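> generate coordinates for the sequence data below:
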Amino acid sequence: MCASVYGWRSELYPVDWTPPEETVSFYSDKFLQDFSYAGYASGEAPLPSGSSSIFDVVVDYGADPTGVKDSTSHIQNAIDDAGSYPEGGIVYLPAGTYKVSLPDGQSEVLRLSRDNVLLRGAGSEQTRIVNYTTTMHGAAIIRVATAGPSAQAYDSEKVAIVKDVTGPSHRLYIEDTVPFLAGDLVEIRWDFTYEWIVEHGQSKWWGVPGDPDPSNPETGPSPAYYKRIVTSVNAEAGWIELNVPARYSILTRDNPVVYKILKRITGCGIEDLSIGNKEIAPHRSGGQEGWGQGDYVKNGSLAWQAHRSQVIQIQYAYNCWVKNVRSFRYEKNTTPTHILSNGIRLHKSFNITVQNCIMQNPQYGGAGGNGYMITLAESNECLVIDCETINSRHGLVLLGSGTSGNVFHNHTDRNTGRAVGNAKNENNLYKTDGEGSDTHYFLSHSNLWDACHLDNSRFESFHRKNFGGPRNPGLTSAHGVYWNTSGEGREYPKIILSDQARYGYIIGTSGANYRVSTDVNFESNNEPEDFSEGIGKGENLVPQSLWLDQRKRRLGE
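Take a look at the predicted model:
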């Protein structure tokens, strides 16, 4: 949509807007953060075209592009060889269909485990990967992650942060600057202490060991994590500066620390291809039989086979991307199944771009983390742009402590609360218990939904009490921004439900469905009420994209 010459601006985003200073408070002030750091290289460089070294899986490795013979080992050998080059390489899959399957004892079909490897097809309509394994419980078709265990890797001692950060500051005052140099990758961690929980009205839902109130559950969130890059160090003054500002308060009360991290994979991409999965043989009875909300706990059941499987999972990574990738229906599937459960998942990663991708039609959409098309988990400053999610339990999901700074731009989310199960066509998909695109659990905060469209779906950022899992989801968001959202369809007349901690923001809505709610009333204790402006007037909002305008202000044309 184009802004009218008679368009309006948000009171929070005047013509002379500048990024907020650290003097504003996350706890008490209304303000829009600078979201321009999202995506590959913080938007400061285009996605790479790849190395000059090309590894053709058909010509050089004997992969079968007809889909008759299994090509798993052929493609994996090409990936491994490309990773052995210092500059990496392009693993090229010419037009065709490639049959793959899950190797015994592994948790992924294909794995990119070294830097600067690009898995590239001839186009999403020309190159297809079909996974023949139907028992994919907890496994991925493609995983991007370093070889071996990589969780919580750090090569410096945890250094205490010694001064409170209450606004969007780039600077951390720390106990010792010696371990840090400009260019270091670092992680900031802070705890959900008893004081934090009480302050945010979550004592009914979250508790911590040693909580003085014996009635509180010991089910508090894991610590919050932010991933950053050091830009400068001042040893005399005792601070380091980071490339991206803080996204919420970091208080000395909550045991904050910073440390260098390593074993993070970078420079990897997946692009220009489609991925599908052979369906799990459906019940002839049709409907939802075998695919119930809790059926995933029954070992060997249909739902158990699909449970928490992924199409693409990117873990412990930065500056990687997925571009022009689509799910597809394997021609021998008797149902409209594209994938078994989940689509693209970014986990403990930062500055990842997902561009022009379509994920749809999971066979299973039950509880426990199934039927999510694009998920950002404990990840920071990632960009999902020009994508589409269709026929799913949840289209977009943000989850995990500290998930922040992420941007969804020009995204279309269609027909949530659905999964395939035993359906013969898309007209009789079964209805799942979950629906919408949401901030799913714990404090996923300071994220931006920008110029997005909803068709029989809605966005949700509210208090989820004890809705699922061994730990209560409770408070799910703070300072999230819905900018210029449009909606249509019969199922959700209110396209945004927002009841966030401190402030949340709904600015500009339009379309046949444009109404919103900031009073969800789920025992949230989320005061004050979220800020809303221009409801039903989004067509004339200036600028139409907050992210693009902020990016231009920071980086120029």
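> export stretch 186-198 to PDB, keeping only CA atoms.
What follows is stretch 186-198 as a C-alpha-only set of coordinates in PDB (Å, rounded to 0.1, in the frame of the first residue of the first chain):
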ATOM      1  CA  VAL A 186      29.400 -12.100  23.300                       C
ATOM      2  CA  GLU A 187      26.400 -13.300  25.100                       C
ATOM      3  CA  ILE A 188      24.600 -11.400  27.900                       C
ATOM      4  CA  ARG A 189      22.700 -13.400  30.400                       C
ATOM      5  CA  TRP A 190      20.400 -12.400  33.200                       C
ATOM      6  CA  ASP A 191      18.100 -14.400  35.600                       C
ATOM      7  CA  PHE A 192      14.400 -14.300  36.300                       C
ATOM      8  CA  THR A 193      15.000 -13.800  40.000                       C
ATOM      9  CA  TYR A 194      12.300 -13.800  42.700                       C
ATOM     10  CA  GLU A 195      12.400 -10.000  42.700                       C
ATOM     11  CA  TRP A 196      11.900  -9.800  39.000                       C
ATOM     12  CA  ILE A 197       9.000 -12.200  39.100                       C
ATOM     13  CA  VAL A 198       7.200 -10.300  41.900                       C
END
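> for the record, mean pLDDT for it?
The average pLDDT for stretch 186-198 rounds to 94.
> where exactly do the helices run in the chain?
Shown for the chain, the helices assigned by DSSP state H span residues 72-84, 194-199, 302-306, 546-555.
> any buried residues in the second one, and which?
This points to helix 194-199. Residues of helix 194-199 classed as buried: 194, 196-197 (neighbour count, 16 or more other Cβ atoms under 10 Å). (Glycine included, C-beta is placed from N, CA and C.)
> how close does the residue in the chain sticking out farthest from the centre get to Asp80?
Distance from the centre of the chain peaks at Glu236, with 38.3 Å (Cα atoms, centre = their mean). Computed as Cβ to Cβ, to the nearest Å, the Glu236 to Asp80 distance reads 47 Å.
> and for Tyr92?
Here Tyr92 is placed at a distance of 15 Å from Asp80 (Cβ to Cβ).
> repeat for Pro470
Taking Cβ to Cβ, one finds Pro470 at 38 Å from Asp80.
> and these two? Which one has more around it.
The residue with more neighbours, out of Pro470 and Asp80, is Asp80; 17 against 6, by other Cβ atoms under 10 Å.
> re earlier: from the helices of the chain, which stretch is densest packed?
helix 302-306 (a mean of 25; mean count of other Cβ atoms under 10 Å).
> state the number of residues packed around Glu125.
14.
> can you check the pLDDT for the closest residue to it other than its chain neighbours?
Of all residues not flanking Glu125 in the chain, Ser274 sits nearest, at 7.4 Å (Cβ to Cβ, 6 or more residues apart in numbering). Looking at Ser274, its pLDDT reads 98.
> please name the bridge partners of the most centrally placed residue in the chain.
The centroid of the chain falls nearest to Leu376 when counting by Cα atoms, centre = their mean (1.7 Å). Note on Leu376: beta-bridge partners by DSSP bridges are Leu346, Leu398.
> that one touches Val397, doesn't it?
Yes: when contacts are counted by Cβ atoms under 8 Å, Leu376 is listed as touching Val397 (7.3 Å).
> quick check: nearest residue in space to Gly511, chain neighbours excluded?
Among residues not flanking Gly511 along the chain, Ser486 sits closest, at 3.8 Å (Cβ to Cβ, 6+ apart).
> no further queries at this time; thank you.
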